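> here is the input, now give the coordinates:
(one chain, ligands or ions: 1)
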Amino acid sequence: MENGWTEMEVGADGVAVITIVHPPINSLSFQILESLEKNLKEAIERDDVKGIVLAGAAGMLSGGFDIGGLRGIQEGKIVQPETGYLAVDLITGILEGSIKPLVSAINGLAIGGGLEISMACHARISTSTADIGLPELTVGVIPGFGGTQRLPRLVGLPKALEMILMSKIIKGNEAHRLGLVDAIAPPDELLDTARRWALDIAECRRPWIKTLDQSDKLVPIDEARNIFYSARAQARKQSAYNQLPLDCIDVIEEGIVSGSLAGLWKEAHIFQKLIFSAESKNLVHVFFARQEILPIPGINYSGPVPPREINKIAVVGGGQMGSGIVTALILSNFCVILKEIDDNFLQEGLDRVQVNLRSQIEEGKLNPEEFDKTFSLLTGVLDYQSFKDVDMVIEAVSEDVSLKQQIFVELEKNCPSNCVLATATSAIDLNLIGEKTNCPDRIIGAHFFSPAHIMPLLEIVHTPKTSPEIVADLVNVAAKIQKIPVTVGNCTGFAVTRMLFPCTQSALFLVDHGLNIYRIDNAITKFGMQMGPFRLMDSIGFGDAIEVGDQFLQSFPKRCYKSMLIPLMFEDKRTGEATGKGIYIYDDNGEANPDHEIQNYIEKSRNISGTQLDPEIVNLSEKEIVEMLLFPTINEACRILEEGIAAKASHLDIASIMALGFPAFRGGAMFWADSLGAGYIHTKLENWAKKYGNFFEPSSFLAERAAKSLALSAQGSI
Ligand SMILES: C[C@H](O)CC(=O)SCCNC(=O)CCNC(=O)[C@H](O)C(C)(C)COP(=O)(O)OP(=O)(O)OC[C@H]1O[C@@H](n2cnc3c(N)ncnc32)[C@H](O)[C@@H]1OP(=O)(O)O
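Here you go, the predicted model:
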């Protein structure tokens, strides 16, 4: 039974245990829900059953509604049940309304619909480490099994809003503290504890509680309205264009103001509507695109390559990137050596790591008692002596080709002959970096994104000579430090920086032709990008941006736009966020503010390149600005696919979301492009190329797909 089932066993104690069986995470398909309904009705009718326990097979309750089923409904392949059947009839009427007590046993995880069926039970017993939460917003819907009504009644309104709107997953222990679960039990005693609890309720030794009837955690209406007001303001601040959190708040509010039944019905109607929203289709695409990242395409394994045990890792360079990488590694218990060139730089690097660790404590991600133990995994050094037994080195110095070449010569000399030699460069061709060594099979790119201990993506770059074992080793480390590894081929800029570069260039082109510099970042952040190209350039720093720009100029001279704006500012020691002044000016709190002085640099840049103001560009609408920034990115992504640098369009979707801050609710850069159509993008680029030159010239990949009305994500040659 491909879509899972539930099975029921009635014990001599009179407890029926209904178990959800749907590997790998017991997601709730319609077949499971039907089978659950059948088992429940049988248990309720049988005279030998006094109480019911709901559990999951293979050490977990459930990862929620089957997202494959959600996609099936969206594609019209699965018929959607009538509005209200799930949340009102099944979960509230049959489950919560059962005349025999129901207790859920939460092992491993109770997520989304999995937690919602638990909350409809009359008590919940959990293990201390189970993952518990309602992350439905991450797939573009709201909780649809009554979660919007029951969670506030169990944990109070502020906590419920935080958990639902931020898709926050908490551990069993915290759920117990909040009152979401009634008791904690060790895994091997979980089922017995739940059985006893069900009998205790049946025999009136414990109260029989229906979550929807509870109101002791709810606050008076006026207070609730203030909480909703702040939640809406916060949601609008986070994304002006994302309606989903606001819909969710409306549904929760309905239950508080008009009662839980009215809330349930509103939830049912909005849930049905949201399933078919563009945002949900886009986010479901992102969910499955993430699953497509592994196994790694393009690596010719001669058999399964078991990753080696990597214990000791050296990082060369303790700047912003190097210290972030060190932080990520020691937080995952790797022993790390940090090498710097002198005591001052080393101390600065170690200090940065300490600051990173402290911020982890502030965010509750690191226990204060663990600080010393974690930091003690790090050793600072000034030479290569201790590199003789390292398993992996990650070079993270500035983007200076000759410096990197020199370091790799030293690494080949001082590290064991099977050591992984990784570079954290964001753009420099690996062949160039390893040019002076004799070990191209061990050289690999480990492109982290700043701050490296927080950003989720790791772009793993391999040349045709990089050995599969070395790739497997780095993928293994990526998994241990909880990074999503996107594996790509080698060229200047790889996949991510190559996609970013044309967007930045287009932004500079528009400014040189008269568009207000701050309108650009404004338009693109309104579209949903986390940062505009200029704010991003400030955070990268102009030194590295100029070095990377030179690499692009050398590799792709015909499609580079050369602006003098950034070099002029760099000359004036105005080098970005680190120095407090870049395109923006930074206050003591690190807030970026526009600076009127920037106009002088723009004028100078225009004079040097002899560019004229273009009234059409000066007056571009926000939509046109977004298109002129992002269509060149899509065009470059097409080349990346054509050259086989990335294996699939969906890999570029994940990379654009996780590394470039592309809005996930738009499905990633390529999925968004396909929603507009290759033809539309091609026509726009063609017109701009005629007006403004080579930089906008459509790639042959895009032209072919536009001519044949094919999706950019369609696999294979055409
Ligand atoms: C009505 C309701 O309110 C609506 C809902 O419930 S919507 C769904 C809400 N649930 C979610 O969003 C959970 C999404 N899943 C996750 O966050 C994580 O997969 C998890 C925490 C459950 C498990 O994480 P982890 O152990 O790292 O395993 P992970 O690799 O992600 O997933 C394992 C497999 O389960 C699948 N899977 C996970 N959750 C799934 C789901 N809800 N539906 C279908 N398949 C799911 C994955 O696709 C993957 O499949 P594969 O082995 O074929 O690649």
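> quick check: domain ranges of this structure?
Following automatic domain parsing, one gets these domains for the chain: 6-282, 312-490, 497-711.
> out of the ones you listed, the one nearest E292 is which?
Ranking the domains of the chain by proximity to E292 (C-beta to C-beta) places domain 497-711 first, at 5.2 Å. Every C-beta, even on glycine, is put in place using the N, C-alpha and C of the backbone.
> ok, back up a step: in CSV: the domains of the chain, plus mean neighbour count.
Formatted as CSV, those follow (neighbours: other C-beta atoms under 10 Å):
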stretch, mean neighbour count
domain 6-282, 20
domain 312-490, 19
domain 497-711, 19
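> make CSV out of these and add distance to F288 and mean pLDDT.
CSV is the format used below for the domains of the chain (distance: least, C-beta to C-beta, whole Å; pLDDT from 0 to 100):
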stretch, distance to F288, mean pLDDT
domain 6-282, 7, 97
domain 312-490, 14, 96
domain 497-711, 8, 95
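> tabulate the ones you listed in JSON lines, adding columns for distance to the ligand.
Shown next, in JSON lines, are the domains of the chain (distance: least, C-beta to the nearest ligand atom, whole Å):
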{"stretch": "domain 6-282", "distance to the ligand": "3"}
{"stretch": "domain 312-490", "distance to the ligand": "10"}
{"stretch": "domain 497-711", "distance to the ligand": "13"}
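> for R290, find the nearest of those domains.
Taking the domains of the chain one by one with C-beta to C-beta, domain 497-711 is closest: 5.9 Å.
> report the distance from the closest one to the chain centre.
Centroid displacement of domain 497-711 relative to its chain, using C-alpha atoms, centre = their mean, to the nearest Å, is 22 Å.
> okay, stretch 371-390 in PDB with CA atoms only?
What follows is stretch 371-390, C-alpha atoms only, in PDB (Å, rounded to 0.1, in the frame of the first residue of the first chain):
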ATOM      1  CA  PHE A 371      30.500  27.800  25.200                       C
ATOM      2  CA  ASP A 372      33.900  26.900  26.700                       C
ATOM      3  CA  LYS A 373      33.700  23.300  25.500                       C
ATOM      4  CA  THR A 374      32.800  24.400  22.000                       C
ATOM      5  CA  PHE A 375      35.500  27.100  21.900                       C
ATOM      6  CA  SER A 376      38.100  24.600  23.200                       C
ATOM      7  CA  LEU A 377      37.800  22.600  20.000                       C
ATOM      8  CA  LEU A 378      39.600  25.500  18.200                       C
ATOM      9  CA  THR A 379      43.400  26.000  18.200                       C
ATOM     10  CA  GLY A 380      45.000  29.100  16.600                       C
ATOM     11  CA  VAL A 381      48.300  28.800  14.800                       C
ATOM     12  CA  LEU A 382      50.700  30.900  12.800                       C
ATOM     13  CA  ASP A 383      52.400  28.200  10.600                       C
ATOM     14  CA  TYR A 384      51.600  25.000   8.900                       C
ATOM     15  CA  GLN A 385      53.400  22.600  11.400                       C
ATOM     16  CA  SER A 386      50.200  21.300  12.800                       C
ATOM     17  CA  PHE A 387      48.700  20.600   9.400                       C
ATOM     18  CA  LYS A 388      50.500  17.200   9.100                       C
ATOM     19  CA  ASP A 389      47.500  15.300  10.400                       C
ATOM     20  CA  VAL A 390      44.500  17.300   9.200                       C
END
